[in-house]
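Q: from the sequence below, what's the structure:
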Amino acid sequence: MDPIQECSDLHIVVERTLRRLRISGKLKGFRFLRYALTVTVKDPYRTDLITKVLYPEIAAEFSDKDTRVERAIRTAICACWDSYGRDELNKMAGYTLEKRPTNLEFIDLVAAYIRYILDR
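A: Numbering: from 1, shown residues only. Prediction:
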């Protein structure tokens, strides 16, 4: 059985999923994505106002600016896309992604995958 599927703790599942996508824990975007995914798994509607609500919330949590949050998340997604993480992302999506997902698309896709794993 997949180690992610064996785990029921949301924080651990989120972190393992990001590492499976080849996103390094050294990236600032890793921490921001971990937070964004954790809250989005719990409340899928959090992404409805990603720039007006979610980014400022993350920025406040980490004492940063929302523009830096957006950029750091985009950089982390690029790291995934430019490495073997793209294959894992395609598996999570269930189809081949033709282009790099936007921040919103990535968060939505990965959060949906994590919800699926936790609901099994």
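Q: tell me the mean pLDDT for stretch 52-59?
A: Averaging pLDDT along stretch 52-59 yields 96.
Q: in that stretch, what's buried?
A: Within stretch 52-59, the residues that count as buried by 16 or more other CB atoms under 10 Å are 54-55, 57-59. Every C-beta, even on glycine, is put in place using the N, C-alpha and C of the backbone.
Q: save those as a markdown table, and put in distance to residue 72 and secondary structure too.
A: Formatted as a markdown table, the buried residues of stretch 52-59 follow (distance: CB to CB, whole Å; DSSP: H, G, I helix; E, B strand; the rest coil):
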| residue | distance to residue 72 | secondary structure |
| --- | --- | --- |
| 54 | 13 | helix |
| 55 | 10 | helix |
| 57 | 14 | helix |
| 58 | 9 | helix |
| 59 | 10 | helix |
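Q: residue 33: which of those is nearest?
A: Nearest to residue 33 among the buried residues of stretch 52-59 is residue 58, at 9.2 Å by CB to CB.
Q: just to revisit the earlier point, I'd like the buried residues of stretch 52-59 as TSV, with distance to residue 69 appended.
A: Formatted as TSV, the buried residues of stretch 52-59 follow (distance: CB to CB, whole Å):
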residue	distance to residue 69
54	9
55	5
57	9
58	5
59	5
